[in-house]
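Novice: Provided below are the primary sequence and the corresponding predicted coordinates.
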Amino acid sequence: MQMSRKIAGFLVGLAVFMIFEWINLGFNLADGHPTSFYVVHGILIAVNLVLALVLGGIGLAGLRGSAQRSKRPPV
């Protein structure tokens, strides 16, 4: 996969931010809401954490690919 280091770094940074933000939201949910509130927010948190892992994996693959491309001699 060819991707610039800047884009790959952005994806990794976005993934780290998303993981931090959604875990933080999960811990900050206040008591006293109906069960449906927690179910919906739990689903949102789970989906966004999976999305963050996918984006982080794509970003890391892009960083590895760009590092390997920079080591090869030009053709």
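Specialist: Sure thing, it's come through.
Novice: show me the shaky parts of the chain.
Specialist: Low-confidence segments of the chain, defined by pLDDT under 70: 1, 69-70, 72-75.
Novice: which residues in it form helices?
Specialist: 5-28, 35-71 (DSSP state H).
Novice: show me what the longest one is packed up against.
Specialist: Packed against helix 35-71, as judged by 3 or more CB pairs under 8 Å, 6 or more residues apart in numbering; DSSP states H and E, are the following elements: helix 5-28. The way it works is simple: take the backbone N, C-alpha and C, and place the C-beta from them, glycine included.
Novice: tell me which residues are up against the helix it packs on.
Specialist: With contacts defined as CB atoms under 8 Å, 6 or more residues apart in numbering, helix 5-28 is touched by 41-42, 44-45, 48-49, 51-53, 55-56, 58-63, 65-66.
Novice: can you list the buried residues in that helix?
Specialist: By neighbour count on 16 or more other CB atoms under 10 Å, the buried set for helix 5-28 is 8, 11-12, 15, 18-19, 22.
Novice: how about the CA coordinates for that helix, as PDB?
Specialist: Output of helix 5-28 as PDB, limited to C-alpha atoms (Å, rounded to 0.1, in the frame of the first residue of the first chain):
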ATOM      1  CA  ARG A   5       4.300   9.200   5.800                       C
ATOM      2  CA  LYS A   6       2.300  12.300   6.600                       C
ATOM      3  CA  ILE A   7      -1.000  10.600   5.900                       C
ATOM      4  CA  ALA A   8       0.100   7.400   7.700                       C
ATOM      5  CA  GLY A   9       1.100   9.500  10.700                       C
ATOM      6  CA  PHE A  10      -2.200  11.300  10.700                       C
ATOM      7  CA  LEU A  11      -4.100   8.000  10.700                       C
ATOM      8  CA  VAL A  12      -2.000   6.700  13.600                       C
ATOM      9  CA  GLY A  13      -2.500   9.900  15.500                       C
ATOM     10  CA  LEU A  14      -6.300   9.900  14.800                       C
ATOM     11  CA  ALA A  15      -6.500   6.300  16.100                       C
ATOM     12  CA  VAL A  16      -4.700   7.200  19.300                       C
ATOM     13  CA  PHE A  17      -7.000  10.200  19.800                       C
ATOM     14  CA  MET A  18     -10.100   8.200  19.100                       C
ATOM     15  CA  ILE A  19      -9.100   5.500  21.600                       C
ATOM     16  CA  PHE A  20      -8.300   8.000  24.300                       C
ATOM     17  CA  GLU A  21     -11.500  10.000  23.600                       C
ATOM     18  CA  TRP A  22     -14.000   7.100  23.600                       C
ATOM     19  CA  ILE A  23     -12.500   5.400  26.600                       C
ATOM     20  CA  ASN A  24     -12.600   8.700  28.500                       C
ATOM     21  CA  LEU A  25     -16.200   9.100  27.500                       C
ATOM     22  CA  GLY A  26     -17.000   5.600  28.700                       C
ATOM     23  CA  PHE A  27     -15.600   6.400  32.100                       C
ATOM     24  CA  ASN A  28     -17.300   9.800  32.300                       C
END
